[in-house]
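Engineer: show me the folded form of this:
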Amino acid sequence: MLKILSGLIAPTSGEARVLGFDPFQRPIEFRRKIALVMGQKAQLWWDLPAVDAFDLLRAIYDIPTPIYKERLHTLATLLDVTKHLNTQIRRLSLGERMKMELIGALIHWPNVIFLDEPTIGLDILAAHKLREFLKEFNRLEKATIILTSHNMEDIEKLCSRVLIMRTGEIIYDGTANGLTEKGECRLRVRLMQSPTVDELAHVTGLAPSAIFLQNKGPEAAAGDDDEDDHKPIFFTLKYDNIVAILQKIMTTYTIINMGIEEPSLENVIQRLFQ
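Structural biologist: Residues are numbered from 1 along each chain as shown. Down below sits the predicted model:
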């Protein structure tokens, strides 16, 4: 999708318009107003110090020197990389290289920024700093940021609007909070028995896609007995249905313990694709 919107490839059907332009025509005025950053692809020259790479971009975009220096200072300060500007790109850590890639992409002050997996491969601290920078740049410059990511934290922290696509069709268009604010919860139950998903669906009347069997792991609740080998079972349902579902479960199975959890964004999206 980002390759279509940025003009790298043409749509196979329909039409794409960005800022009033046909992206695939790639007019100079359009290219001056956009930026594309792909987390796994570098646009800067690895053998050059970062500042020399930026100076080359200044010449390409014909940015007046005083404006260029002011922008470089602003971006380097926001990203906390001033001390690395004279370091060869290849000698920087992945997190620092990604910051330099962002500076290179933003030095011409684009109106629309396309980001493809910007935090991929970054450690927790580097990813956090990158998100904070993007929020601050968006606040200061009012630039539109279009982001694709498999990292749910990127979406939760950055996006005011979320579009979810499946095989070319939009299946959700709204806020990130809207995905998890539908009155739903996750009921976590551990049973003496070991029923299958189909058996649980038959007993509870829930769809199999609303039932998830989890082996012991990160989703097992804190406080569960480590010696208890019974799998946690998660039911996604409306809050109003909790009592009725528990009553149905207890007619057939013996409950060891239970709890109620807020569904994560990842859980909700997983259900949309089931």
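Engineer: going forward, measure contacts between C-alpha atoms and count neighbours the same way
Structural biologist: Fine.
Engineer: count of neighbours near residue 28?
Structural biologist: Using other CA atoms under 10 Å, residue 28 is surrounded by 9 other residues.
Engineer: residue 127 now?
Structural biologist: 19.
Engineer: thought it was touching residue 119?
Structural biologist: Yes. Counting by CA atoms under 8 Å, residue 127 does reach residue 119; the two are 5.4 Å apart.
Engineer: for residue 123, what are its contacts?
Structural biologist: Contact analysis of residue 123 by CA atoms under 8 Å, 6 or more residues apart in numbering lists residue 95.
Engineer: how much space between it and residue 62?
Structural biologist: 35 Å (CA to CA, to the nearest Å).
Engineer: got the residue ranges for the strands in the stretch 1-150 of the chain?
Structural biologist: Secondary structure of the stretch 1-150 of the chain (DSSP state E, counting those that start in this stretch): strands at 34-38, 112-116, 144-148.
Engineer: columns distance to residue 137 and mean neighbour count on top of those strands, output as CSV?
Structural biologist: Shown next, in CSV, are these (distance: least, CA to CA, whole Å; neighbours: other CA atoms under 10 Å):
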stretch, distance to residue 137, mean neighbour count
strand 34-38, 14, 22
strand 112-116, 11, 21
strand 144-148, 10, 17
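Engineer: distance to residue 200 and mean pLDDT added to those strands, as a markdown table?
Structural biologist: As requested, the strands of the stretch 1-150 of the chain are arranged in a markdown table below (distance: least, CA to CA, whole Å; pLDDT from 0 to 100):
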| stretch | distance to residue 200 | mean pLDDT |
| --- | --- | --- |
| strand 34-38 | 43 | 91 |
| strand 112-116 | 40 | 93 |
| strand 144-148 | 36 | 92 |
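Engineer: among those, which is nearest residue 66?
Structural biologist: Of all these, strand 34-38 sits nearest to residue 66, with 21.4 Å by CA to CA.
Engineer: helices or strands up against the closest one?
Structural biologist: Contacts defined by 3 or more CA pairs under 8 Å, 6 or more residues apart in numbering; DSSP states H and E place strand 34-38 against helix 94-106, strand 112-116.
Engineer: since that was my last question, I'll sign off now.
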